[in-house]
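K.L.:
I need the structure of the sequence given here:
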Amino acid sequence: MLQMIARYFAFGHETSKQRQVLAHTAVDLMFGAIKPLGLLLAALPVGPDHPGVTAGASFQLPYRASFLLPHRRSAWLRFAERLDELAGFADGLLPPVGADEVMAVAGALRRAAVTMTAHIETV
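P.N.:
Alright, predicted model coming up:
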């Protein structure tokens, strides 16, 4: 999602329609994946060694400073592939709490992947 936002603001040769797709997909992911996962994580217990303490999301960015992919088509392919991989990973999770939320997130990720794929130019 952050790479999509960076690409949107970097004006990386996307058409007006593609920039619109980047913006809408990023916002959809904020509400369809990030928010439900954040709420779920904030409600989960840290563990038995810390009774009454709940977990939460880490806001650390694992990316290097150069995470803006330079070529439009390869960037969009990576977005779509990564979203699909994340959806598959979420499908395989069987959490004892929040299974419905995780399934909804998997659906949001898969829809985002389909949206991105539909706007990738053929060679």
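K.L.:
okay, and for the protein, where does confidence drop off?
P.N.:
Along the chain, segments meeting pLDDT under 70 span 12, 61-66.
K.L.:
where do the helices sit along it?
P.N.:
2-10, 16-29, 35-43, 72-92, 99-118 (DSSP state H).
K.L.:
any buried residues in the second one, and which?
P.N.:
Which is helix 16-29. Within helix 16-29, the residues scored as buried using 16 or more other Cβ atoms under 10 Å are 18, 21, 22, 25, 26, 28, 29. Bear in mind the C-beta positions are built from the backbone N, C-alpha and C, glycine included.
K.L.:
show residues contacting that helix.
P.N.:
The contact list for helix 16-29 (Cβ atoms under 8 Å, 6 or more residues apart in numbering) reads 1, 4-5, 7-8, 14, 72, 76, 108-109, 111-112, 115-116, 119.
K.L.:
can you check the first one too?
P.N.:
If you take Cβ under 8 Å, 6+ apart as the criterion, helix 2-10 is touched by 14, 19, 22-23, 25-26, 29, 61, 63, 67-69, 75, 78-79.
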